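Novice: What follows is a predicted protein model with its sequence.
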Amino acid sequence: MPIIKPVKGKYPQIPDNCFVAENATIVGEVFMGNNCSVWFNAVIRGDVHFIKMGDKVNVQDGAVIHATYQKSPTSIGNNVSIGHNAIVHGCTIKDNVLIGMGSIVMDDCVIESNSIIAAGAVVTKSTIVESGSIYAGVPAKKVKDISKELISGEIDRIANNYVEYSSWFKA
């Protein structure tokens, strides 16, 4: 069974159509939208501030979502994929975003819609990622504009695939 527990009287809100892996952890003030999935060894820790997730968000294996005490909550839009072992901390991620494997998005960042954070990138505090762009590197910088084909071929495809994958575990 996953660890799903309240912190200071605030209990995670998880719709029935979401998938949470047996060894995932979700605690505190966490609000998940519909058709979300939280995969093996992922942690969503809403103990020091709230975490809000839209619809069709997948938090892949080993990823960590947290916030900053009384200062920076974490807000995640719709159709967002958070790759394996990524860290998303005290920031805002808008709709249709791919956060690559092993990347880090730090406090007070805003990742605008239709964007990709490349695998291994480190988006430093207070960075604003332009809508329709790809950021990569350490520290992350804009490397190119994103095409409509990349939005449908990567961002949408991955989010939709994770809805399908989660159905395999619900049966």
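Specialist: Looks like it came in fine.

Novice: How far off centre is the top helix by length along the chain?
Specialist: When the chain is parsed with DSSP state H, its longest helix is helix 157-170. Centroid displacement of helix 157-170 relative to its chain, using C-alpha atoms, centre = their mean, to the nearest Å, is 15 Å.

Novice: buried residues in the lowest-mean-pLDDT helix or strand in the chain?
Specialist: The helix or strand of the chain with the poorest confidence is helix 148-150; it has a mean of 83 (mean pLDDT, DSSP states H and E). Neighbour counts over helix 148-150 (16 or more other C-beta atoms under 10 Å) mark residue 150 as buried. The C-beta positions use only the backbone N, C-alpha and C, and glycine is treated the same way.

Novice: ok, residues contacting it?
Specialist: 116, 134 (C-beta atoms under 8 Å, 6 or more residues apart in numbering).

Novice: Same check on stretch 162-170?
Specialist: Taking C-beta under 8 Å, 6+ apart as the rule, stretch 162-170 contacts 18-19, 21, 35, 37, 56, 58, 60, 81.

Novice: Geometrically speaking, which residue is the centre of this structure?
Specialist: Central residue of the chain (C-alpha atoms, centre = their mean): residue 82, 4.2 Å from the mean position.

Novice: Look up how far residue 6 lies from that one.
Specialist: Residue 82 sits 23 Å away from residue 6 when distances are taken as C-beta to C-beta, to the nearest Å.

Novice: for residue 80, same thing?
Specialist: Applying C-beta to C-beta to residue 80 and residue 6 gives a distance of 25 Å.

Novice: Also residue 121?
Specialist: 34 Å.

Novice: The two: which is more packed in?
Specialist: residue 121 (25 against 13; other C-beta atoms under 10 Å).

Novice: these two touch, right, the more buried one and residue 138?
Specialist: Yes - with contacts defined as C-beta atoms under 8 Å, residue 121 counts as touching residue 138 at a distance of 6.9 Å.

Novice: List the buried residues for the longest strand anywhere in the chain?
Specialist: The residue-count maximum for a strand in the chain (DSSP state E) belongs to strand 43-53. Across strand 43-53, burial judged by 16+ other C-beta under 10 Å covers 43-49, 51-53.
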